[in-house]
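# let me see the structure of the following:
(one chain, ligands or ions: 2)
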Amino acid sequence: MSYDTIAAISTAVGEGGIAIIRVSGPQAIEGTARIFRSRQELGSAATHTVLYGHIVNPRTNEQVEEVLVTVMRGPRSFTAEDVVEINAHGGVIAIKKVLDLVLEQEEIRLAEPGEFTKRAFLNGRIDLMQAEAVIDLIRSKSERAFSVARKQAEGTLSRRIKSLRQTVIELLAHIEVNIDYPEHDVAEMTGSYISTQCGIALEEIQRLLKTANEGKILREGIMTAIVGRPNVGKSSLLNVLAQENKAIVTDIPGTTRDVIEEFITLNGIPLRLLDTAGIRETSDVVERIGVERSRSALEEANLILFVLNYNEPLHEDDRKLMEAFQGRQVIVIINKTDLPKQLDMVEIEQKFSSDSIVRMSVLEEEGMEGLERAISAMFFQGQLDANDLTYVSNVRHISLLKKAQQSLLDAVEASEAGIPIDVMQIDVRSAWEYLGEIIGDSVGDSLIDQIFSQFCLGK
Ligand SMILES: Nc1nc2c(ncn2[C@@H]2O[C@H](COP(=O)(O)OP(=O)(O)OP(=O)(O)O)[C@@H](O)[C@H]2O)c(=O)[nH]1
Ligand SMILES: [Mg+2]
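Ligands and ions are numbered 1, 2, ... in the order given. A predicted model of the protein is given here:
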């Protein structure tokens, strides 16, 4: 397929040592050559080489920038098209001037967000799953999430989906031959054969889905709300975990009025921490809005860190809060253990299991390992496996895998109920299509546009 030529600044906008403009498409080399002066012709440069020279305004012959230009001829490039990358000095003005000149060239236009990666997909260099992993790569906030995304971008997961699809298509072929040529005795198409083949595919789907929970957490972080009454040390906890003074801490109850968010990794576990206003009845208008925000953070969170003060008896407000914890993942943090005991632990131990109660003194930074262990146990069934990085982490992929699973289960059920194979054929075919959607084999344009619009400009 052939497209027009696109260009964009591919580095983050702002001050930096260098900035890079990427140009991709049939006019990339010729178009750039018109505004580039060097000892060597750009058009005759060997692929994957770098030329030193100047960007000039062809109308005035004025030198605009001193640059290095890289030529990568398709298909061995990011987009599989001819690509030119112009390395200029960092700085908004310089790079903008160069980009304007590039865009003045015939048949070159500004790229849309994600359009370079989209071309890599449309030109068949990567599949949809790999393209989506590129978004994750850019966005990953922890080293582990990065490693998982890199594996996906390399196609590890795609290969497993493809071989899964192979299993399903073989089954489908058998069924179809049997429907079309019943007189041919193709490996007897009994119900049990279908069940066995579906079983093989279902097992693999099961294995993949088992990684989904953890994969999703690694990708997005555990949304964690720190809640509790005023002054128990919520903001202090956020600061200690973030290792910086993000939130204001004072001994005045009602210090925090808004929700403060911070992304941290606790021994490899990514957390999206939300520090909230202490929950209590109050007549202060601003504080009341804060308390309301705390409650909605509480609703949305995957994990609640419920902080109590060891130095205070349990309060009616605490009991009310606990009622909202039904069916939620809660870790109780008994804070200020450096102070004398006032809290009746018996009532708490009745309500929460002992491995979800953690004693801490945030002030003396004691008890952090306990918190880490409690979170690990709750979300990762023990230790994080450092080696196996094949996770399904994208919500779209997870939901398609579940749909494929359901279709196969329906096929098995139908075969066990002795329903004619024509009917099973429909289920097996939809399983095959759902799996195809994951890697982008049978998806519509609108979905493709939606996925790539999540990218930043220049990627
Ligand atoms: N002794 C002791 N004091 C602590 C500890 N943790 C926090 N504090 C103190 O308790 C006070 C309140 O701490 P904050 O972190 O502001 O409490 P908060 O829960 O965020 O309070 P609000 O924002 O008002 O809801 C501060 O004076 C902290 O220094 C602890 O482990 N031991
Ligand atoms: Mg606070």
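
# just give me the neighbour total for the residue of the stretch 1-150 of the chain found nearest ligand 1.
Per CB to the nearest ligand atom, K141 is where the stretch 1-150 of the chain lies closest to ligand 1, at 24.0 Å. Using the backbone N, CA and C atoms, a C-beta is placed for each residue, glycine as well. Taking other CB atoms under 10 Å as the criterion, the count of residues near K141 is 15.

# quick one, phi/psi of it?
Note on K141: its backbone torsions stand at phi -110, psi -10 [degrees, to the nearest 10].

# can you report how many residues neighbour the closest residue in space to it that isn't next to it in sequence?
Spatial nearest neighbour of K141, excluding adjacent residues (CB to CB, 6 or more residues apart in numbering): F263 at 5.2 Å. Using other CB under 10 Å, F263 is surrounded by 12 other residues.

# F78 too?
Neighbour tally, F78, other CB under 10 Å: 20.

# remind me which helix or strand it belongs to.
Here F78 is covered by no helix or strand, with elements defined by DSSP states H and E.

# show me the contacts for it.
22, 24, 72, 116-117, 120, 125 (CB atoms under 8 Å, 6 or more residues apart in numbering).

# residues near Q326, how many?
Neighbours around Q326, by other CB under 10 Å: 7.

# my read is the residue nearest to K141 is in a helix, agree?
No - counting by DSSP: H, G, I helix; E, B strand; the rest coil, F263 is located in no helix; its state is strand.

# dump the residue contacts of it.
Neighbours of F263 in contact, by CB under 8 Å, 6+ apart: 141, 221, 270-273.

# list the buried residues in the longest helix anywhere in the chain.
Using DSSP state H, we find that the single longest helix of the chain is helix 156-180. Neighbour-count burial for helix 156-180 flags 156-158, 161-162, 164-165, 167-169, 171-172, 174-176, 178 (criterion: 16 or more other CB atoms under 10 Å).

# wasn't V227 part of a strand?
Yes - applying three-state DSSP, one finds V227 inside a strand.

# which residue does the protein have closest to ligand 1?
Counting by CB to the nearest ligand atom, the chain gets nearest ligand 1 through G278, at 2.6 Å.

# how many neighbours does that residue have?
Neighbours of G278 using other CB under 10 Å come to 25.

# same deal with the one 4 residues further on?
Summarising burial for T282: neighbours were counted as other CB under 10 Å, giving 16.

# what residues are up against the closest residue to I439 other than its chain neighbours?
Using CB to CB, 6+ apart and skipping residues adjacent in sequence, the residue nearest I439 is D127, 4.1 Å away. D127 sits next to 121, 155, 158, 439-441 when contact means CB under 8 Å, 6+ apart.

# for I439, give its distance to ligand 2.
I439 is 46 Å from ligand 2, where distance means CB to the ion, to the nearest Å.

# wait, S38
S38 is 59 Å from ligand 2, where distance means CB to the ion.

# the spatially closest residue to that residue that is not a sequence neighbour: which element?
Of all residues not flanking S38 in the chain, G53 sits nearest, at 2.9 Å (CB to CB, 6+ apart). Element membership of G53 [criterion: DSSP H and E] is strand 49-56.

# and stretch 366-382, C-alpha only, in CSV?
Output in CSV follows, covering the C-alpha atoms of stretch 366-382 (Å, rounded to 0.1, in the frame of the first residue of the first chain):
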residue,chain,number,x,y,z
GLU,A,366,9.0,1.5,60.7
GLY,A,367,6.8,-1.3,59.3
MET,A,368,7.3,-0.6,55.6
GLU,A,369,8.2,-4.2,54.8
GLY,A,370,5.0,-5.4,56.5
LEU,A,371,3.0,-3.2,54.2
GLU,A,372,4.9,-4.5,51.2
ARG,A,373,4.3,-8.1,52.2
ALA,A,374,0.6,-7.5,52.8
ILE,A,375,0.1,-5.9,49.3
SER,A,376,2.2,-8.6,47.6
ALA,A,377,0.2,-11.4,49.3
MET,A,378,-3.1,-9.7,48.3
PHE,A,379,-2.4,-9.0,44.6
PHE,A,380,0.3,-11.4,43.5
GLN,A,381,-0.4,-14.6,45.4
GLY,A,382,2.9,-14.3,47.1
